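[1] Sequence plus the predicted model coming up.
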Amino acid sequence: MAVHRLSISMPAEIEQIIRSAAEAADVPISTWIVEAALKQAGHQAAIADGLKAVEEYEIENGPIPAELLDEADRVLDAAGLGVPEREERRAS
């Protein structure tokens, strides 16, 4: 795999968080950043897949009732996985 150098700018506080986390994981900063980026990309892909599945379900079966969406929100919020975009989705 080809390796490319990348220069990024960030607040000093974030740099220190990254340095500390990389040190705690006993990996180079670049490795820690790559792993964090891959993890975030995976999360975003999973969210996109889930939203697409809901959209397909609603096309075939009609809108999911508000009570069920509210219950799902409570479960996700309790798990620390709340997503602010849900409010926008409900308004549409």
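    Yep, that arrived.

[2] where does residue 78 sit relative to residue 71, distance-wise?
    From residue 78 across to residue 71, the span is 11 Å (C-beta to C-beta, to the nearest Å). Using the backbone N, CA and C atoms, a C-beta is placed for each residue, glycine as well.

[3] swap that for residue 79, sorry
    Residue 79 is 13 Å from residue 71, by C-beta to C-beta.

[4] okay, those two: which has more neighbours?
    residue 71 (11 against 8; other C-beta atoms under 10 Å).

[5] Summarise which helices and strands the helix or strand harbouring that one is packed against.
    Element membership for residue 71, per DSSP states H and E: helix 66-78. When contacts are defined as 3 or more C-beta pairs under 8 Å, 6 or more residues apart in numbering; DSSP states H and E, helix 66-78 sits against helix 85-91.

[6] Show the average pLDDT along the helix it packs on.
    Throughout helix 85-91, pLDDT has a mean value of 51.

[7] What of stretch 56-64?
    Mean predicted confidence for stretch 56-64 is 96.

[8] And the contacts of that stretch?
    residue 54 (C-beta atoms under 8 Å, 6 or more residues apart in numbering).

[9] again, only this time at 10 Å
    54, 69, 72 (C-beta atoms under 10 Å, 6 or more residues apart in numbering).

[10] I'd like the distance from the longest helix along the chain to the chain centre, please.
    Taking DSSP state H as the criterion, the chain has its longest helix at helix 29-61. Helix 29-61 has its C-alpha centroid displaced from the chain centroid by 6 Å (C-alpha atoms, centre = their mean, to the nearest Å).

[11] for stretch 77-86, same thing?
    In terms of C-alpha atoms, centre = their mean, the centre of stretch 77-86 is set 11 Å apart from its chain centre.
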